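Q: Fold the following and give me the result.
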Amino acid sequence: MDQQPKILVLGSLNMDLVVKSLRLPKKGETIMGDSFNTTPGGKGANQAVAASKMGAHSKMIGRVGDDLFGKQLISYLNSQNVGTDSITIDADSHSGIAIINVDSASGENRIIVVSGANMKCGDTELEISNNLISQSDCLMIQLEIPKQISLAASQFAISHGIRAILDPVFTIELDYMDYKKIDIITPNQTEAEFYTGIKIIDTNSAEKASNKFLEWGVNLVVIKMGKDGAFFASSEENGLVKGFKTCVLDTTGAGDAFNAAFAIEISRGSSIPEAIKFGNAAGAIAVSKEGAQEAMPSRKEIMQLLSKN
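A: Numbering: from 1, shown residues only. Okay, here's the model as predicted:
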């Protein structure tokens, strides 16, 4: 295989509007913020940038509005060596935005997404994905564009022997037939609980939730458990891959960093535990920095952390 895996990302592009405050507001409360900035985001674009920074050939499929944010989003992806010729500019919709409130003390966040052009993705994006899949080593999808498009692309990839990774969003429900179209699913603890009804508090509960996903037809489950690492399960093996100690500054792009790193390593032929360890390291580095795409680590940074542990 080419030393640079080819990662195809079908998903969302948002402009993140980030407000930092000493704590998150309570219901009905107005508090003063510490800072405000705009930064490129969207789970799809985050993963595409992360994959590029980590040494992959990365290509983005998605949709933005014909507006300032759309131009800025594409420009930033180009600056990060992400292929953008498959991004559609929609004159009838605004670019997606995400309003992110970050707790300065803990690094935890709360996010409101206004999808805009992302939810206009349709047959055009699906056709592009299907045409490019044979040239790719892995497809990365999320649920921030229409679910049926993401899952149809996943099903097509699976039918052509290409691994497809779904990073779900717990506000989008999946039905029984949807799971049949999923190869790998990588929920965090909150998302895993939303889909399975099982609260993830330890390895035992993670295993029970994973078994549900497997029963529904998913091939591989990876539940991201923050500082504790990630639990994985397939029909052949399962286990916990421990995380890395780090100083948490901002958790915004941690899951996206994990997914990109994991996708790259399975594309390189690494074992599942090895790929998860690489993903855990990427996530640990990402949370120690501010922002989403700008916080994504390079392959060199990840290797340096792994060499110390």
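
Q: Nearest the middle, which residue of this structure would you pick?
A: Compute the mean C-alpha point of the chain, and by CA atoms, centre = their mean the closest residue is D256, 3.4 Å away.

Q: That one contacts A51, correct?
A: No. Taking CB atoms under 8 Å as the definition, D256 is not a contact partner of A51, at 9.6 Å. The C-beta positions use only the backbone N, C-alpha and C, and glycine is treated the same way.

Q: before we move on, the earlier item: return the residues in contact with the residue nearest to the centre of the chain.
A: K43, N46, Q47, A50, D167, A286, A292, M296 (CB atoms under 8 Å, 6 or more residues apart in numbering).

Q: Buried residues of the longest helix along the chain, list them for me.
A: If you go by DSSP state H, the chain has its longest helix at helix 272-287. By neighbour count, with 16 or more other CB atoms under 10 Å as the criterion, the buried positions of helix 272-287 are 272, 275-287.

Q: returning to what we had before: closest to K224 among the contacts of D256?
A: Closest approach to K224 among those (CB to CB): D167, at 9.2 Å.

Q: how far away is V287 from Q304?
A: 16 Å (CB to CB, to the nearest Å).

Q: For stretch 128-144, the averaged confidence score.
A: Mean pLDDT, computed over stretch 128-144, is 96.

Q: cool, and stretch 195-205?
A: 97.

Q: Look at the residue lying closest to F156 once chain neighbours are set aside and give its secondary structure.
A: Once flanking residues are discounted, F156 sits nearest to N130: 5.0 Å by CB to CB, 6 or more residues apart in numbering. Assigned with DSSP: H, G, I helix; E, B strand; the rest coil, N130 falls in the helix class.

Q: Check I141 too.
A: Per three-state DSSP, I141 ends up strand.

Q: Just give me the neighbour total for it.
A: Applying other CB atoms under 10 Å, we find 30 other residues in the vicinity of I141.

Q: What segments of the stretch 51-200 of the chain are strands?
A: Read by DSSP state E, counting those that start in this stretch, the stretch 51-200 of the chain holds these strands, from start to end of the chain: 57-65, 82-90, 96-103, 109-114, 138-142, 163-167, 184-185.

Q: Pick the most buried one from those.
A: strand 138-142 (a mean of 28; mean count of other CB atoms under 10 Å).

Q: packing partners for that strand?
A: Judged by 3 or more CB pairs under 8 Å, 6 or more residues apart in numbering; DSSP states H and E, the packing partners of strand 138-142 are strand 6-10, helix 43-53, helix 147-159, strand 163-167, helix 254-267.
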